[in-house]
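J.: Structural data only, the sequence is not supplied:
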């Protein structure tokens, strides 16, 4: 599969993940306070996103190692979007209303590159080549 196809699938999985988060959040609001609903919905959607990213985006086998590293993609997304919002609003003079979607769009390539590194990296290092002689 080409990198372009992986990127398209990555964006699709991101849209599904966002909808999953929001749907779970709205459902959980009926039984939990909003911060608890947010945290649980976030954890559920991130778990679902991991499996979708593994199977749909990169067509790779999920492993515990990848699962434990996967939250780094969310941390990177948060850092890039937060920095982007700051730069757009405070430095470039954009409206704070429109800066977040622009910053989120800018974070897609960074998050994609990090998730690709995590998901496609072998779980065990290759064995050194045996020396002949």
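T.: Nice, thanks for sending it over. Model, not experiment: these values are computed from the prediction.
J.: Give me the longest helix you can find in the chain.
T.: In the chain, taking DSSP state H as the definition, the longest helix is helix 3-28.
J.: To what extent is residue 113 buried, counted in neighbours?
T.: For residue 113, the neighbour count with other CB atoms under 10 Å is 14. Any C-beta I mention is one placed from the backbone N, CA and C, and that applies to glycine too.
J.: got the angle between whichever strand or helix holds it and helix 3-28?
T.: Using DSSP states H and E, residue 113 maps to helix 99-120. Counting by axes from the mean of the first three to the mean of the last three CA atoms, to 10 degrees, helix 99-120 points 110 degrees away from the direction of helix 3-28.
J.: quick one: residue 49 and residue 15 touch, right?
T.: No - judged on CB atoms under 8 Å, residue 49 makes no contact with residue 15 at a distance of 10.8 Å.
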